[in-house]
Each structure stands twice: as structure tokens, then as C-alpha cells.
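Engineer: the sequence isn't on hand, but the structure is:
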């Protein structure tokens, strides 16, 4: 079994952004040479997430609104007593999830229709990383 790892680095302009990283994952898979296996895509920070869904702007806005309704920015979270102001970002990570596992078949991501990989940043404007770990043959 072979393995391959790559890291993506983000420093978003806004505190909250949703970035389509499908092409980055496909590039890493191509460079790995793996034909059959699995790809793990994982945010390496507890205030960001990774998810698979449609690349449609209305849906992305709906996801953002849904997450913000459940974990709004600004309320007096207990976490803020530590001097931080990102309690909402930690909760949004729990809602979205921090990683996805994707199947690889014949050297390609084995997606269903419309599926794309997204990096969700909830406390940006600073350096963050995502690992892409590929295993297989």
C-alpha cells in the first residue's frame, strides 16, 4: 500500500469563507499515482471544517445562514472568558465537520453528481492548513 500527503495553506481575507478545494484534491490524487484507495481531507484547525456538497452559490449561502443561526457570532460564549472571541467558530466546526473520506476508483475521485469538496473557514484572516492524505494502490 502506498500513501501520499499534501498540505493546503489558507489565509482568508474574511473571517468566514467557503472555498471549493476539489481541484486541489484531484491534483494531489493525480500526483500520488494511486488508482484505488481513499482520500482523507481534514482541516487541521478546530475553527474550520471540510465538507462535500453542491457548488451552488444559493446552497452555500443557505449553509452559511444555517450555521450562523445555530451558532451566531458575538454572543457571550463561555469560551470567550479565555480572551477569545471565536466560540461560534468552534461550534460551526462541530456542525459542518472537520474531515471527509473520499473513494478513489481508477485514479479518480469517485463522486456522485454535483459533489464537490469545500473548506469552510469560520475564524479566518490567519494561517490555517488542510491535510490531504491518500492511501491505496
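Structural biologist: Great, that's in hand. Nothing here was measured: the structure is a model prediction, and the numbers come from that model.
Engineer: report all helices and strands that the longest helix seen in the chain contacts.
Structural biologist: In the chain, assigned by DSSP state H, the helix with the most residues is helix 57-70. Judged by 3 or more Cβ pairs under 8 Å, 6 or more residues apart in numbering; DSSP states H and E, the packing partners of helix 57-70 are strand 17-20, helix 87-96. In short, each C-beta sits where N, CA and C put it, glycine included.
Engineer: can you map out the strands along the protein?
Structural biologist: 2-10, 17-20, 37-43, 48-54, 99-105, 108-109, 115-121, 128-136 (DSSP state E).
Engineer: circling back: among the helices and strands packed on helix 57-70, which comes closest to residue 126?
Structural biologist: helix 87-96 (11.5 Å; Cβ to Cβ).
Engineer: residues in contact with residue 73?
Structural biologist: By Cβ atoms under 8 Å, 6 or more residues apart in numbering, the residues touching residue 73 are 15, 88.
Engineer: against residue 92, how distant is it?
Structural biologist: Distance, residue 73 to residue 92, using Cβ to Cβ, to the nearest Å: 9 Å.
Engineer: hang on, residue 63 packs against residue 49?
Structural biologist: No. With contacts counted by Cβ atoms under 8 Å, residue 63 stays clear of residue 49, the gap being 10.2 Å.
Engineer: show me where pLDDT drops low in this protein?
Structural biologist: Within the chain, no range satisfies pLDDT under 70.
Engineer: residue with max distance from the center of it?
Structural biologist: Checked against the mean C-alpha position of the chain, the extreme residue using Cα atoms, centre = their mean is residue 81, at a distance of 27.4 Å.
Engineer: before we move on, the earlier item: can I get the strands of the chain in TSV with mean neighbour count and distance to residue 67?
Structural biologist: Shown next, in TSV, are those (neighbours: other Cβ atoms under 10 Å; distance: least, Cβ to Cβ, whole Å):
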stretch	mean neighbour count	distance to residue 67
strand 2-10	14	18
strand 17-20	17	10
strand 37-43	20	14
strand 48-54	20	9
strand 99-105	16	17
strand 108-109	14	25
strand 115-121	21	8
strand 128-136	19	17
